[in-house]
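1. 3D model of this:
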Amino acid sequence: MDFDFAQIAVPFRMQPGLRRVAADAVGLTPLAAESALHAEKLAVMAAGQSRLAVDGFDPGAALQAIASRAPWWRPGEKALELAFEEDFAVLDGASGTLPWLCVCVPSHWAPEDKLGLDFAAVHAPVADNAALLAASRQLVALATGGDCWERWVWTISPSARYDQHPRRHARTPWPPDHDLEAFARQCWLRAERQMFFPVGQGTQQAVFSIRVMLQPLAEAVQSGEAAMRLHDSLASMSQAVLDYKNLSAARDPLLLWLRSRA
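-> Presented below is the predicted three-dimensional model:
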């Protein structure tokens with residue numbers, strides 16, 4: 001997993017966390033055909049549930065923008081879903097809405113519920129979201145202003161499944177916590193690298209890409225420093241955030257295990 005524990009904020013706060021990156025740092029990731037992620041994305045695509053668009057929206061310019069950052073891929077030669085580890089959406093700067101999504105492996109949200117909504121409505125269910133909603137207009141202008149941006153989000157999950165669409169899959173229950181090592185071996189660090197990059201071509205649009213990465217928690221936490229940073233961030237989460245991330249029931253055993261690793 002390509003995840004830097006320095007990306008974990010202490011104390012934890014629900015905030016945009018956008019960082020400007022150079023255009024040549026916006027790399028997209030080829031999807032390995034033998035991977036579990038490929039199998040899950042293929043299943044969603046085969047069911048006709050991977051792409052959504054508002055009436056009349058043409059994603060051609062966005063697809064060309066994606067292709068320009070992946071010389072090894074051309075639209076029409078291989079399905080977008082199966083060419084990249086990333087999922088994609090288009091953010092329209094003029095309306096502030098999401099007119100198009102190609103999302104196979106959401107993290108407990110339903111893409112069909114977000115189509116056509118503005119930025120504030122998309123993020124309305126997020127816990128502790130007052131600052132995020134207050135800055136919605138400025139964030140849309142920033143993300144669609146022609147620069148490239150990156151942010152990282154993370155959580156801990158009891159599921160090794162990439163696709164966590166809430167209506168396709170019920171939540172996996174947390175394992176018993178009477179043995180902390182056994183508990184941790186059944187937990188996964190789930191991280192997302194999210195990027196905005198411009199569509200250009202006369203549009204006021206940006207492509208939003210989401211790369212989901214999963215690694216067994218016990219393998220991901222390889223140092224005392226990483227364990228302590230994860231511990232302190234988790235310990236600082238509000239109850240609303242813990243509930244939103246489905247971490248309330250697992251918080252105490254996770255903190256105990258992380259302290260033992262630190």
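2. wouldn't residue 146 be in contact with residue 198 here?
-> Yes - using CB atoms under 8 Å, residue 146 is in contact with residue 198, at 5.0 Å. Placement of C-beta: from N, CA and C, glycine included.
3. Give me the more crowded residue out of these two.
-> When residue 146 and residue 198 are compared for neighbours, residue 198 comes out ahead with 20 against 14, by other CB atoms under 10 Å.
4. Tell me how far that one lies from residue 101.
-> 18 Å (CB to CB, to the nearest Å).
5. swap in residue 163?
-> Using CB to CB, residue 163 is found at 14 Å from residue 101.
6. Low-confidence ranges, the stretch 151-262 of the chain, go.
-> Along the stretch 151-262 of the chain, segments meeting pLDDT under 70 are nowhere present.
7. Please, where are all the helices along it?
-> Here the stretch 151-262 of the chain has its helices, by DSSP state H, counting those that start in this stretch, at 180-185, 217-220, 224-235, 239-244, 251-261.
8. among those, which is nearest residue 108?
-> The minimum distance between residue 108 and the helices of the stretch 151-262 of the chain falls on helix 239-244, with 9.1 Å, by CB to CB.
9. can you pull the buried residues of that closest one?
-> By 16 or more other CB atoms under 10 Å, the buried positions in helix 239-244 come out as 241-242, 244.
10. chain center to it: distance?
-> Relative to the centre of its chain, helix 239-244 is centred 18 Å away, using CA atoms, centre = their mean, to the nearest Å.
11. would you list the helices of the stretch 151-262 of the chain in a markdown table and tack on distance to residue 193?
-> Below are the helices of the stretch 151-262 of the chain laid out as a markdown table (distance: least, CB to CB, whole Å):
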| stretch | distance to residue 193 |
| --- | --- |
| helix 180-185 | 24 |
| helix 217-220 | 15 |
| helix 224-235 | 17 |
| helix 239-244 | 20 |
| helix 251-261 | 23 |
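12. Compare those helices and report which one is nearest to residue 85.
-> Evaluated over those, closeness to residue 85 peaks at helix 217-220, with 17.4 Å, by CB to CB.
13. Return the set of residues that bridge with the residue sitting nearest the centre point of the chain.
-> In the chain, the residue lying closest to the centroid (CA atoms, centre = their mean) is residue 192, at 3.9 Å. Residue 192 has these beta-bridge partners by DSSP bridges: residue 153, residue 212.
14. what's near enough to touch it?
-> By CB atoms under 8 Å, 6 or more residues apart in numbering, the residues touching residue 192 are 107, 152-154, 210-213.
15. go on, residue 106?
-> Listed by CB under 8 Å, 6+ apart, the contact set of residue 106 reads 87, 163-165.
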